[in-house]
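*Asks:* Build me a model:
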Amino acid sequence: MLRETAWKLATEHGWSETSDAEYIALTKLHGEALIAGNDALRKRASTIVPTETVESFLARLRAQ
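*Replies:* Okay, here's the model as predicted:
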């Protein structure tokens, strides 16, 4: 299921490899937000799943 979803995402978005698509697919399949320090990955994922920076995520945790 993960590989199929990653391959589909990469194909739909014209990506030449599936490495980013695998992270995004896993996030999508789990119904979660993608938390990443990599700006390019977050930008790529932003139209597919909710995204958040690591710093923002940690700040929310500390505020609880």
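*Asks:* Could I get the full set of strands for the chain?
*Replies:* 34-35, 51-52 (DSSP state E).
*Asks:* Compare the ones you listed and report which one is nearest to R42.
*Replies:* Of all these, strand 51-52 sits nearest to R42, with 4.5 Å by CB to CB. Any C-beta I mention is one placed from the backbone N, CA and C, and that applies to glycine too.
*Asks:* List the neighbouring strands of that closest one plus their orientation.
*Replies:* As defined by DSSP bridges, the strand partners of strand 51-52 come to strand 34-35 (parallel).
*Asks:* before we move on, the earlier item: for the strands of the chain, which one ends up most surrounded?
*Replies:* Burial of the strands of the chain is given as mean neighbour count (mean count of other CB atoms under 10 Å); strand 34-35 ranks first at a mean of 18.
*Asks:* what distance separates it from the middle of the whole chain?
*Replies:* On the basis of CA atoms, centre = their mean, to the nearest Å, strand 34-35 sits 6 Å off its chain's mean C-alpha point.
*Asks:* From the rest of the structure, what touches that strand?
*Replies:* Strand 34-35 has contacts (CB atoms under 8 Å, 6 or more residues apart in numbering) with 23-24, 27, 41-42, 45, 49-54, 57.
*Asks:* hmm, which of those are the buried ones?
*Replies:* 23-24, 27, 41-42, 45, 49, 51 (16 or more other CB atoms under 10 Å).
*Asks:* No further questions, thank you.
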